[in-house]
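> coordinates only, no sequence provided:
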């Protein structure tokens, strides 16, 4: 039997995210939900490192130092993907929407970024220093108010063990033993102190990692021979929270958005900024023009709410 949204997480997970900045939930997604997404990753990325790049990385590290950082992010693509509805809609899964609403303490949330990530042993050095991610999500700093914050999810499409580069993080109370409460930057001299307090976010395929963008964490290297790992990131914010940004969907207007509109529910589309049926935006004109733009979109609920 399929779990409903609220059965996939507990109030303890919500509180852990608020207190520690991280919550890790194994088996959030079922094997049946992960399997078609894995198949798409395998089709798009394959299971082996790019040998040309691997050979380059094996060269003079000083000459390639600038390339290391870029290569860590080589196998990333932004939503919507040139892939199946199963892959496109997993970051809009009703359980994710429900969990995001719970941790942010709001009734309505928006998905503001989602991307794939494939990593391979030997393709580059994935080790990173501890850092917070807020810099590319906001021009300010994260708020203390839950409704003005953002929750970033990492979906494990494969097993992500320590040998496969599991993310390491420092729970907020542990970080505050080293840094001032609420700090979002760390000096090189204090990196070692954070390393001694870090935990692993390793987990099997289907695991969900929820983290806040002001929690210290770092990427780690893949060491398993011929290893690879697939993950997907999905970032949620409260609807109307203009403090948080990342990229706008309009920049991806040339992508296959019909693959989203043709398969997503009104609730899922609302997370992309599409007004729900009955909203004042919907007039006979906007309904007809939207239907003409997306012919495969089942808009019966929208027309019915207007009539």
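Happy to help now that I have it. Predicted, not measured: the structure shown is a model, and the values here were computed from it.

> what bridges to the closest residue to residue 271 other than its chain neighbours?
Nearest-residue entry for residue 271: residue 111, 4.5 Å, with adjacent residues in sequence omitted and distances by Cβ to Cβ, 6 or more residues apart in numbering. Bear in mind the C-beta positions are built from the backbone N, C-alpha and C, glycine included. With DSSP bridges applied, residue 111 shows beta-bridge pairing to residue 236.

> so what's residue 111 up against?
Applying Cβ atoms under 8 Å, 6 or more residues apart in numbering, one finds that residue 111 lies in contact with 79, 91, 92, 234, 235, 236, 271, 272.

> not counting sequence-adjacent ones, nearest residue to the fifth one?
Meaning residue 235. residue 113 (4.4 Å).

> over to the first one?
For residue 79, the nearest residue in space outside its immediate sequence neighbours is residue 114; the separation is 3.8 Å by Cβ to Cβ, 6+ apart.

> next one: that neighbour relative to residue 49, how far apart?
24 Å (Cβ to Cβ, to the nearest Å).

> got it, and residue 179?
Note on residue 179: its distance to residue 49, by Cβ to Cβ, is 36 Å.

> contacts only, for the residue nearest to residue 79.
Going by Cβ under 8 Å, 6+ apart, the list of residues near residue 114 reads 78, 79, 91, 232, 233, 234, 235.

> gap between it and residue 236?
For residue 114, the distance to residue 236 equals 10 Å [Cβ to Cβ].

> same check on residue 207?
For residue 207, the distance to residue 236 - Cβ to Cβ - is 18 Å.

> these two - which one has more neighbours?
For the pair residue 207 and residue 236, the greater number of neighbours falls to residue 236 (30 against 23), based on other Cβ atoms under 10 Å.

> for that one, give me the pLDDT.
As summarised for this prediction, residue 236 has a pLDDT of 96.

> hmm, residue 104 and it touching each other?
Yes: taking contact to mean Cβ atoms under 8 Å, the distance of 7.2 Å between residue 236 and residue 104 places them in contact.

> which residues do these two both contact?
With Cβ under 8 Å, 6+ apart applied, the overlap between the contact sets of residue 236 and residue 104 consists of 150, 151.

> can you list the weak-confidence ranges in the stretch 51-200 of the chain?
In the prediction, the stretch 51-200 of the chain carries residues with pLDDT under 70 at positions 51-69.

> pull out the buried residues from the one helix or strand residue 191 maps to.
Using DSSP states H and E, residue 191 falls within helix 191-195. Of the residues in helix 191-195, those scored as buried under the neighbour-count criterion (16 or more other Cβ atoms under 10 Å) are 191, 193, 194.

> for the last one, which non-adjacent residue is spatially closest?
Just to be clear, that refers to residue 194. In space, and not counting its chain neighbours, residue 194 is closest to residue 130: 4.6 Å by Cβ to Cβ, 6+ apart.
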